[in-house]
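Novice: Provide a 3D model corresponding to the input given below.
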Amino acid sequence: MRKAVVFDVGRVLFHWQLGALFEKLIDDREELDWFLANVVTEEWHFEHDRGRALADMLPERIALYPQYEHHIRAYATRFNETVPGPVEGSHELVERLAGAGVPLFCLTNFGDEFFAMFRPTQPIFDHFIDIIVSGEEKVAKPEPRIYEIVEERSGRRGDALFFTDDNPANIAAAKARGWDAHLFTDAVSLEAQLVAAGLL
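Specialist: All right, here's what the predicted structure looks like:
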């Protein structure tokens, strides 16, 4: 069975930053920094990645910060604006791997409602056999179960899976299962790792 490549999405295939949206809504830099540290935070956002519904999350947050109701609702309706664009060089690597017939999968911490909004806008995902989305599975990296789901759905285990992710904890969890896992820093380094693995 041919070795497969598993890509993370955020900060590997696409840049992601909550500030990309909210800098359009909050002009004052100090207020923006406070908002991102206290109101719409990455930690709070991660609840959606783990499967919590926006219908539950938003009213709670609005009750805590009623002065920011408009901004909190914008988080739900304008999420795609938190993705400024592709990570330089990564999509080209996906295209080359696909052209070489390498099986491709995604493993992403991504809310199910947000992924349903984002996926149709990005044809690069058409190259992937399967996309394992934490919000759909109700379990997120680095919890072992989501790696097990990838193994089940790809029909591969251990070093039959080459994995790239920007989060060291997610890489450590993959290595603990025997995956050929590599910390993503940039596309140039990833290309060298793929060549060394005989995939490019």
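
Novice: separation between the closest residue to Gly178 other than its chain neighbours and Asp33?
Specialist: Nearest non-adjacent residue to Gly178, counting by C-beta to C-beta, 6 or more residues apart in numbering: Gly158, 3.5 Å away. C-beta: built from backbone N, CA, C; applies to glycine. Using C-beta to C-beta, to the nearest Å, we find Gly158 at a distance of 43 Å from Asp33.

Novice: ok, back up a step: would you check that the residue nearest to Gly178 makes contact with Ala176?
Specialist: No: assessed by C-beta atoms under 8 Å, Gly158 is found out of contact with Ala176, at 10.9 Å.

Novice: How many residues are close by Gln67?
Specialist: Gln67 has 8 neighbouring residues, counting by other C-beta atoms under 10 Å.

Novice: Which secondary structure state is assigned to it?
Specialist: helix (DSSP: H, G, I helix; E, B strand; the rest coil).

Novice: Check which helix or strand the residue nearest to Gly19 when sequence neighbours are not counted maps to.
Specialist: Nearest residue to Gly19, sequence neighbours excluded (C-beta to C-beta, 6+ apart): Leu36, at 5.9 Å. If you go by DSSP states H and E, Leu36 is part of helix 29-38.

Novice: helices or strands up against that helix?
Specialist: The contact analysis (3 or more C-beta pairs under 8 Å, 6 or more residues apart in numbering; DSSP states H and E) places helix 29-38 against helix 19-22.
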